[in-house]
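**Student:** structure, please.
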Amino acid sequence: MNYLEDVQKLFLYYKHLVDSTLSQLTDSQLFWRYNEESNSVAVLIQHISGNMKSRFTDFLTSDGEKEWRNRDAEFELVNEDKMRLLQEWDEAWKSLFATLKNLEFEDLSKTIYIRNQGHTVVEAINRQLSHYPYHVGQIVMLGKMMKGNDWRSLSIPRGESGVYNSVRFIQSKRTEHFTDEILRHLDG
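**Tutor:** Reported below is the predicted structural model:
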């Protein structure tokens, strides 16, 4: 069961990175695109949300690529409705976390399908655990580019690694695991 607990914490961490980026952006920055071929933060959120809803709705019983999903439309922003976008974002995460919470150890080796291709439950979760951070990194990078010197770092600020490490290494070895520290950090 540690696997399921750990992936929930990691997904929560990636959600936190996006939410922390969103909190720094203006509405116009949310919808800004570098050029016609690039994605805005809003489009990336729309895509992640659509993918997440499709993959984690009826997770064990239906193909992860739902008939009602229109992936191509996720990359076309029809309107700049921030409230709708954030509502979809929150609903998608609720779906993911509800699915993960309801999984049992015995489910991990079951086969599910994504686009008619078999995956164990672990493979399917790991697939998403590599897909979402790819886009999360894009969102954070766009946020950093737009905010410039006003960007509030989401990790160890530039030039402060030495100080951070010196504090960490004068402490005793910690039994708290990485994913537990993520939760403590998010709660604190």
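**Student:** from now on I want contacts and neighbour counts done on CA atoms only, so please keep to that.
**Tutor:** Will do.
**Student:** ranges for the helices of this structure?
**Tutor:** 2-22, 27-30, 41-56, 71-74, 82-102, 121-147, 161-170, 178-187 (DSSP state H).
**Student:** okay, those in CSV with mean pLDDT and distance to residue 115 next?
**Tutor:** What follows is these, written out as CSV (pLDDT from 0 to 100; distance: least, C-alpha to C-alpha, whole Å):
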stretch, mean pLDDT, distance to residue 115
helix 2-22, 95, 23
helix 27-30, 96, 31
helix 41-56, 98, 10
helix 71-74, 96, 12
helix 82-102, 97, 18
helix 121-147, 98, 12
helix 161-170, 86, 43
helix 178-187, 69, 31
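**Student:** residue 63: which of these is closest?
**Tutor:** Of all the helices of the chain, it is helix 41-56 that lies closest to residue 63, at 7.8 Å by C-alpha to C-alpha.
**Student:** mind checking how far the residue lying farthest from the centre of the chain is from residue 158?
**Tutor:** In terms of distance from the mean C-alpha position of the chain, residue 170 ranks first, at 32.7 Å (C-alpha atoms, centre = their mean). For residue 170, the distance to residue 158 (C-alpha to C-alpha, to the nearest Å) stands at 21 Å.
**Student:** and residue 151, by the same measure?
**Tutor:** Residue 151 is 11 Å from residue 158, by C-alpha to C-alpha.
**Student:** compare neighbour counts for the two and give me the winner.
**Tutor:** Between residue 151 and residue 158, counting by other C-alpha atoms under 10 Å, residue 151 is the more crowded of the two (14 against 7).
**Student:** contacting residues for the more buried one?
**Tutor:** 24, 143-144 (C-alpha atoms under 8 Å, 6 or more residues apart in numbering).
**Student:** so residue 46 sits against residue 89, correct?
**Tutor:** Yes: at 7.3 Å, residue 46 and residue 89 qualify as touching, with contact defined as C-alpha atoms under 8 Å.
**Student:** which one's more surrounded, these two?
**Tutor:** Between residue 46 and residue 89, counted using other C-alpha under 10 Å, the more crowded position is residue 46 (24 against 21).
**Student:** would you quantify the distance from that one to residue 162?
**Tutor:** Taking C-alpha to C-alpha, one finds residue 46 at 38 Å from residue 162.
**Student:** so how many other residues sit close to the nearest residue to residue 55 once chain neighbours are set aside?
**Tutor:** Once flanking residues are discounted, residue 55 sits nearest to residue 64: 4.2 Å by C-alpha to C-alpha, 6 or more residues apart in numbering. Neighbours of residue 64 under the rule other C-alpha under 10 Å: 24.
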